[in-house]
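**Student:** I would like to see how this sequence folds:
(one chain, ligands or ions: 1)
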Amino acid sequence: MSKRGVITVISGFSGAGKGTIVQRLVEQYGYAVSISATTRAPREGEVDGVHYFFKTNEAFEEMIRHNELMEYAGYVDHYYGTPRDYVMQQLEQGIDVILEIEMQGALQIKERFPEAVLVFITPPSYEELQARLTGRGTEGADVITKRLHRAAEECAYMEKYDYIVVNDVLEDCVTQVHQLVQSIHLKREHQQELIAKISRDFADHAR
Ligand code: 5GP
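**Tutor:** Numbering: from 1, shown residues only. Take a look at the predicted model:
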């Protein structure tokens, strides 16, 4: 295990099951999840400081000015962004952090934190996504059509991600994401302390 945590960005089409996957990663493996700031209004049941930090436009722009966000993006008329301090504190403590964010934000993270892992979650097929969105029963037909259109546009972003994981059987998908994060810990960039220690030990003994 490396000392520093890994940033894992999870994105994917609306209805791909990102929320459930993230919840499982937290419950089963102890990942930390960043709570985003947003200017959109809370939905029923959403709590400030739990689901999001709900902000006015002015307060959000103030956060931008003070460089308090690791990334931010406009999505359907509202700002969304990741507060920096919490994520940094977790990483320092060696805890892996998940950011469940949309694609423009994901690319900003990759640019600023090249060691971050970008994971794109997709359903096995268009038909499956359509069935899930319809089955959920939370959106009307016109909203579902809009989301499917948007998903079609978002396909182009898949090329920018490090890993593409199919959410067919939920448990398999959760295991795959966890395993790939584990493999990142073994990368050389994350093992500089170990390399230094082993090199020192060997040099000492070779004297
Ligand atoms: P919703 O309004 O449905 O909660 O979220 C809309 C979209 O914003 C989702 O794709 C979600 O992943 C994304 N999102 C949530 N928080 C952030 C954030 O901090 N930064 C960015 N770039 N996107 C976010």
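**Student:** Spell out the secondary structure type for whatever residue of the chain ends up closest to the ligand.
**Tutor:** Closest approach of the chain to the ligand (Cβ to the nearest ligand atom) occurs at G105, with a separation of 2.3 Å. Where C-beta positions appear, they are placed from N, C-alpha and C, glycine not excepted. Assigned state for G105: helix (three-state reduction, DSSP: H, G, I helix; E, B strand; the rest coil).
**Student:** same deal with D142?
**Tutor:** D142 - assigned by three-state DSSP - is helix.
**Student:** burial count for it?
**Tutor:** For D142, the number of neighbouring residues by other Cβ atoms under 10 Å comes to 8.
**Student:** wait, what's in contact with it?
**Tutor:** Residues counted as contacts of D142 (Cβ atoms under 8 Å, 6 or more residues apart in numbering): none.
**Student:** Looks like the residue of the chain closest to the ligand contacts G74 (just checking).
**Tutor:** No - the pair G105 / G74 is not scored as a contact, 10.0 Å apart, by Cβ atoms under 8 Å.
**Student:** Mind listing the shared neighbours of the two?
**Tutor:** In contact with both G105 and G74: Y80, using Cβ under 8 Å, 6+ apart.
**Student:** Out of the two, name the residue with the larger neighbour count.
**Tutor:** Between G105 and G74, counted using other Cβ under 10 Å, the more crowded position is G105 (23 against 12).
**Student:** Next, the contact list for that one, please.
**Tutor:** Taking Cβ under 8 Å, 6+ apart, we find G105 in contact with V9, E71, Y72, A73, Y80, G81, T82, L99.
**Student:** just G49 next, same as before
**Tutor:** Going by Cβ under 8 Å, 6+ apart, G49 touches I35.
**Student:** Backbone dihedrals for it, please?
**Tutor:** G49 adopts backbone torsions of phi 90, psi -10, taken as degrees, to the nearest 10.
**Student:** Kindly report the same for the one 4 residues further on.
**Tutor:** Backbone dihedrals for F53, given as degrees, to the nearest 10, come out at phi -100, psi 110.
**Student:** surely it meets R40?
**Tutor:** No - with contacts counted by Cβ under 8 Å, F53 stays clear of R40, the gap being 11.5 Å.
**Student:** buried sites along the helix or strand L133 falls within?
**Tutor:** Per DSSP states H and E: L133 is located in helix 126-136. Judged by neighbour count (16 or more other Cβ atoms under 10 Å), helix 126-136 contains these buried residues: E128, L129, Q130, R132, L133.
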